[in-house]
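Give me the fold of what follows.
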Amino acid sequence: MPSHITKAVIPAAGLGTRFLPATKAMPKEMLPVVDKPAIQYVVEEAVSAGLRDVLMVTGRNKNALENHFDRVAELEATLEAKGDLAKLQRVTESTDLADIHYVRQGDPKGLGHAVLRARMHVGDEPFAVLLGDDLIDSRDTLLSRMIEVQGQRNATVVALLEVDPAQIHLYGAAAIEATEEDDVVRITGLVEKPSPESAPSNYAVIGRYVLRPEVFDVLENTAPGKGGEIQLTDALQHLAASETDGGVYGVVFRGRRYDTGDKIDYIKAIVQLACERGDLGEELRPWLRDFVATVGD
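Below you'll find the predicted structure:
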């Protein structure tokens, strides 16, 4: 029988080389998206889906992550003494979000290896994996829907997004079959970053997964793939072909997603979220229109 899911795993060991020199001394997960670090949006999403037990898989020079979700007694006392309760609430919000644990990945052997490092913490139950480069708008309930599908089908579930076929080489691509539900497909195969000509579809796997614990045994026996790394996609391919592990299903996401994985998309994410903020959008939107008109094409 499917188990109730309580745990989320957030891999956060990457070097963030695409954002150098900003990430020379600061984890990429701590880069601000408007006025919160990207990692906080991801933890908030997990908590909103009912997952308050969060494991971060980190690496060297990631102490800022732990500091952000810890108390800062001196700052809190200063804000309280000034009566600045609004800022105090913003500071303590991240501290009180969830029960957060940390484990080091050690060698950078890929996403599959990072997930495998969670085995001792997760144990023998399904769990969610959230990647920090994909921010899902809080008004959309992708992870909750994935957890629901996992419970109904007792299967591994991934998030899928239809992308421009010319961009599929940037993602893992899924071969799919329709089910009786409009937003759920069965995945029959997966290919990591295929060429547009060889891709099985333009359905891309994005950074949300709800995995059965059998994935750990598969990852233990998964040889390094593309880039010499242990690819989670290869383990998912094995589970999709298995007749005993429930198969792999995809939830097709049609909501709002903000990609912070490269510089241009990171800037777009900040602008989009800021424009929709009640405290910022009213002033920002007309300025942005004037600025674009001034700059031209």
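
Using the record's domain definitions, break this protein down for me.
7-261, 262-297 (automatic domain parsing).

mind checking the end-to-end distance for the longest one?
What it means is domain 7-261. Length of domain 7-261, first residue to last, Cα to Cα, to the nearest Å: 24 Å.

What ranges does the stretch 51-200 of the chain have for its strands?
53-58, 99-104, 127-130, 134-136, 156-162, 172-178, 184-192 (DSSP state E, counting those that start in this stretch).

Which of those strands has the highest mean neighbour count?
Ranked by mean neighbour count under mean count of other Cβ atoms under 10 Å, those are led by strand 127-130, which reaches a mean of 25. C-betas here are computed from N, CA, C, even on glycine.

what are the pairing partners of that strand, and which direction each?
strand 7-12 (parallel), strand 203-211 (antiparallel) (DSSP bridges).

CA atoms only for the following helix or strand past the longest one - export them in CSV, please.
Tracing the chain C-terminally past strand 203-211 and defining elements by DSSP states H and E, one meets helix 214-220 next. The C-alpha atoms that make up helix 214-220 are tabulated as CSV, following Å, rounded to 0.1, in the frame of the first residue of the first chain:
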residue,chain,number,x,y,z
GLU,A,214,13.0,1.4,-4.8
VAL,A,215,14.8,4.2,-6.6
PHE,A,216,17.7,3.8,-4.1
ASP,A,217,18.4,0.2,-5.0
VAL,A,218,18.4,1.2,-8.7
LEU,A,219,20.7,4.2,-8.1
GLU,A,220,23.1,1.9,-6.2
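
Tell me how far helix 214-220 lies from the chain's centre.
Taking Cα atoms, centre = their mean, to the nearest Å, the mean C-alpha location of helix 214-220 is offset from the chain mean by 20 Å.

which secondary structure elements does that helix contact?
If you count contacts as 3 or more Cβ pairs under 8 Å, 6 or more residues apart in numbering; DSSP states H and E, helix 214-220 packs onto helix 111-116, helix 232-241.

Those helices: which one's closest to Asn63?
helix 111-116 (17.9 Å; Cβ to Cβ).

Any chance of TSV for the helices and strands packed on helix 214-220, columns mean neighbour count, mean pLDDT and distance to Thr188?
Formatted as TSV, the helices and strands packed on helix 214-220 follow (neighbours: other Cβ atoms under 10 Å; pLDDT from 0 to 100; distance: least, Cβ to Cβ, whole Å):
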stretch	mean neighbour count	mean pLDDT	distance to Thr188
helix 111-116	24	94	20
helix 232-241	22	90	6
